[in-house]
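Asks: Show me the folded form of this:
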Amino acid sequence: QVQLVESGGGLVQAGESLRLSCAASGRTFSTYNMGWFRQAPGKERIIVAVITRSGGMPYYADSVKGRFTVSRDNAKNTVYLQMNSLKPEDTAVYYCNAVEAIIGRTTRWTSVWDYWGQGTQVTVSS
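Replies: Predicted coordinates:
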């Protein structure tokens, strides 16, 4: 059974940085594309960043492009999200999961595993 443990969240002021980590176990981590999602209060969970199995071709939601960087260490079964220039609208619980691409007129990313970790809370004050 897959296990996901997110960490690194906290309370910061606008403009500051955080680095999130997600440790995965129970699956062959290196064979999966991995994504970071976030869910703000009263809103749906949305994807913000994706990194492929090999670490190349990252995807970023427009709202975080240029500020967030996703990376992974397959030897440690861990995916990271470096978040710079944080804004109050980045406030959310952040989760990771394996993802797969749904190819259509645009590419959409969807989660693979039914299991979700507890997430890590990021709160950005103005």
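Asks: In contact with the residue nearest in space to the middle of the chain: list those residues for me.
Replies: With distances taken as CA atoms, centre = their mean, the residue of the chain nearest its centroid is Trp36 (1.5 Å). For Trp36, the contact set (CB atoms under 8 Å, 6 or more residues apart in numbering) comprises 20, 22, 47-50, 70, 79, 81, 94-96. Using the backbone N, CA and C atoms, a C-beta is placed for each residue, glycine as well.
Asks: Let me have those in CSV, extended by secondary structure and neighbour count.
Replies: Below are these laid out as CSV (DSSP: H, G, I helix; E, B strand; the rest coil; neighbours: other CB atoms under 10 Å):
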residue, secondary structure, neighbour count
Leu20, strand, 25
Cys22, strand, 25
Ile47, strand, 19
Val48, strand, 25
Ala49, strand, 29
Val50, strand, 22
Val70, strand, 24
Val79, strand, 30
Leu81, strand, 26
Tyr94, strand, 26
Tyr95, strand, 23
Cys96, strand, 30
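Asks: Just give me the closest of those residues to Gln3.
Replies: Nearest to Gln3, judged by CB to CB, of those is Cys22 at 10.6 Å.
Asks: Thought Trp116 was touching that closest one, still the case?
Replies: No. With contact taken as CB atoms under 8 Å, Cys22 and Trp116 are classed as non-touching, separated by 10.9 Å.
Asks: Now list whatever residues contact both of these two.
Replies: Taking CB under 8 Å, 6+ apart as the contact rule, the neighbours common to Cys22 and Trp116 are 4, 95.
Asks: Which helix or strand contains the spatially most distant residue from the centre of the chain?
Replies: Using CA atoms, centre = their mean, the residue of the chain lying farthest from its centre is Arg105. It sits 23.7 Å away. Under the criterion of DSSP states H and E, Arg105 resides outside all helices and strands.
Asks: and the gap between it and Tyr60?
Replies: Separation of Arg105 from Tyr60 (CB to CB, to the nearest Å) stands at 19 Å.
Asks: How about Arg19?
Replies: Between Arg19 and Tyr60 the distance, using CB to CB, works out to 16 Å.
Asks: next one: Leu86
Replies: Leu86 sits 15 Å away from Tyr60, going by CB to CB.
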